[in-house]
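Engineer: need a 3D model of the sequence below.
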Amino acid sequence: AALTVRFLTRRFIGEYGDMEFIYSHNLTVDGREILFHIWDAPNSQQAEEGSSEEKRIQWADSFVLVYSICDRASFNILPLKIQFIKAAKEGQSQEKVPIVIVGNKRDLHHQRVVSSEEGRLLALSLDCGFYEVSAAE
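Structural biologist: I've put the predicted structure just below:
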């Protein structure tokens, strides 16, 4: 949620509850006006078939999966989530679904438990984009 709010408002707010929100945001990209609809959902520790997670997957055109570099569990769940997304989206068509993995909290390097290299290798092995950021900075 902090990363979404930072993208939308350019402000950082550190604490969020476990609520889902849908945001709409206009942005000019390469001279074109783009309307983003962002379904920001809290992390669940499992892919829940037949649930609201499946509805989100069908609703979305692309995915940004965020983990904390200070939380190994948030990183370890990514392969399962990505496999779930690909099975649901790519099973319907031959098009590759755009997925980006984002490691957040880069500013908390002293608490890091997931290396940048691990993030890059996971993204490479799953054919996803990869970034490391700090919503706070």
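Engineer: what is the neighbour count of Lys81?
Structural biologist: Using other Cβ atoms under 10 Å, the number of residues around Lys81 comes to 21. From N, CA and C alone the C-beta is placed, and that goes for glycine too.
Engineer: wasn't it part of a strand?
Structural biologist: No - with the criterion set as DSSP: H, G, I helix; E, B strand; the rest coil, the secondary structure at Lys81 is helix rather than a strand.
Engineer: ok, it touching Val66?
Structural biologist: No - when contacts are counted by Cβ atoms under 8 Å, Lys81 is not listed as touching Val66 (11.0 Å).
Engineer: spatially nearest residue to Arg56, not counting backbone neighbours?
Structural biologist: Closest residue to Arg56 apart from its sequence neighbours, by Cβ to Cβ, 6 or more residues apart in numbering: Trp39 at 5.4 Å.
Engineer: what's across from the one you found in the sheet?
Structural biologist: In this structure, Trp39 has the following beta-bridge partners (DSSP bridges): Ile22.
Engineer: pretty sure it contacts Glu53?
Structural biologist: No - contact criterion Cβ under 8 Å: Trp39 and Glu53 do not qualify, at 10.5 Å.
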